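>>> how would this look folded up:
(4 chains)
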Protein chains: 2
Amino acid sequence: MAGNTTSEGRPDLAAMIVPLGRALVAAELPVLREHGLAMWAYAVLLGLDDEPVRTQAALARDIGADKTRIIGVLDDLAERGLIRRQPDPADRRARVLSLTPAGRRMRDAVRSAIQQREERLLARLPEEDRRGFLNALQALAALPPSEISGD
Amino acid sequence: MAGNTTSEGRPDLAAMIVPLGRALVAAELPVLREHGLAMWAYAVLLGLDDEPVRTQAALARDIGADKTRIIGVLDDLAERGLIRRQPDPADRRARVLSLTPAGRRMRDAVRSAIQQREERLLARLPEEDRRGFLNALQALAALPPSEISGD
DNA sequence: ACCTATGGTAGGCATCTGCTTATCGTAAGC
DNA sequence: GCTTACGATAAGCAGATGCCTACCATAGGT
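The predicted structure follows:
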């Protein structure tokens, strides 16, 4: 790359990451459809990952969803027996969310199918890059969005 | 029940990358707004990066846009004197696209403002991770989407 | 010359997304 | 007890997006 007047010869992070994300999502969709899950439903299963309890608003915040929009998703998952939504005895406004055993199985099945595909992709990378990539990704993903946007 | 049937204890790539991308885009928006650019307009400026000529359909493919949807964006950019859209003497159907000097300046200004923010983020990473991250990212971003999705 | 493919453009549709408003029951502070 | 805040829910709006159809001018192969 020759004519780069800017600091380094790399494109914007977002310009690389967003299309990558799009492609990864596209790769997941067939897997999700096979299991009859929509993307947001899968995000919910991941968001409830083994952790004991929650409240719907907190779940929504965690997975970056709108609290009014996941209601239908939760309804569907509950109907299908993948999650439990029990009233919280301590706060009768709230519904405690948890995965059922079936939900856990579903999550594991889908996740391992997805990660299997991803491994094929990561296998293209040299060992050190792959390592740094995953480390950095986990570090950045752990940051609250505000730290990334409005530092 | 084995909690993690898969190799490592990492979340899905997409589950980390997509939110990261969202946050990075959110970080870019204020910068873009300051310069009066919409996201797709910026994508076009980046897509024309110094390269001499093109055709609108190819541009659209390159930046992952719909060819019928960038027309308005191109109209706008041309009106503002940021890009040139000349008929190709060799193929009178096509319009050769290029950045004007003003377009180049705009692109550079926005890009450096954006990358400056990104540097602050990358500074949080240990040197080796940062390196591997950027290497891997560039390698993956260079792959055609089909190689990522339907390996 | 003819047929087929491609580039640019317009128009439209179905969907998703972020956001807002309103309602209701309940918690918690005063 | 009253007021304010919060959780769950319903309903809806405005904008963006992917995708499709149609149309015309032109290229390119035969």
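
>>> Can you report phi and psi for the most centrally placed residue in chain A?
Centroid check for chain A by C-alpha atoms, centre = their mean gives A:A43 as the closest residue, at 4.9 Å. When read as degrees, to the nearest 10, the backbone of A:A43 gives phi -60, psi -40.

>>> how about the nearest residue to it, chain neighbours excluded?
Once flanking residues are discounted, A:A43 sits nearest to A:I63: 4.6 Å by C-beta to C-beta, 6 or more residues apart in numbering or on different chains. Backbone N, C-alpha and C define where each C-beta goes, glycine included.

>>> Same question for A:L48.
A:L99 (5.0 Å).

>>> Against A:M106, how distant is that neighbour?
Going from A:L99 to A:M106 by C-beta to C-beta, to the nearest Å gives 9 Å.

>>> which residues are common contacts for these two?
A:L45, A:L82 (C-beta atoms under 8 Å, 6 or more residues apart in numbering or on different chains).

>>> on that earlier part again, what residues does the residue nearest to the centre of chain A make contact with?
A:I63, A:G64, A:A65, B:A15.

>>> all strands of chain A, in order?
For chain A, the strands defined by DSSP state E cover A:83-87, A:95-99.

>>> If you count neighbours, what's buried in stretch A:104-120?
A:R104, A:M106, A:R107, A:D108, A:V110, A:R111, A:A113, A:I114, A:Q115, A:R117, A:E118 (16 or more other C-beta atoms under 10 Å in any protein chain shown).

>>> Also stretch A:40-60?
Quick answer for stretch A:40-60 (16+ other C-beta under 10 Å): A:40-48, A:54-56, A:59-60.

>>> What is the nearest of those to chain B?
Set against chain B, the nearest of those by C-beta to the nearest C-beta is A:L46 (6.0 Å).

>>> list the contacts for that closest one?
Applying C-beta under 8 Å, 6+ apart, we find A:L46 in contact with A:I63, A:R107, A:R111, B:P11, B:D12, B:A15.

>>> Give me the distance between the last one and DNA strand D.
If you measure B:A15 against DNA strand D using C-beta to the nearest atom of the strand, to the nearest Å, the figure is 20 Å.

>>> what's the answer for the second one, then?
When distance is defined by C-beta to the nearest atom of the strand, A:R107 is 20 Å away from DNA strand D.

>>> out of everything not next to it in sequence, what's closest to that residue?
A:L45 is the one closest to A:R107 (C-beta to C-beta, 6+ apart), at 4.2 Å.

>>> Spit out the contact partners of A:S149.
B:A23, B:L24, B:A26, B:A27.

>>> Show the contacting residues for the first one.
So that's B:A23. Shown in contact with B:A23 (C-beta under 8 Å, 6+ apart): A:P145, A:I148, A:S149.

>>> possible to save the contacts of A:L46 as CSV with pLDDT?
CSV is the format used below for the contacts of A:L46 (pLDDT from 0 to 100):
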residue, pLDDT
A:I63, 91
A:R107, 95
A:R111, 94
B:P11, 83
B:D12, 88
B:A15, 90
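
>>> Pick the most deeply packed of the strands of chain A.
strand A:95-99 (a mean of 19; mean count of other C-beta atoms under 10 Å in any protein chain shown).

>>> List the pairing partners of that one within its sheet, with orientation.
When pairs are called by DSSP bridges, strand A:95-99 turns out to pair with strand A:83-87 (antiparallel).

>>> Cool, thanks, signing off.
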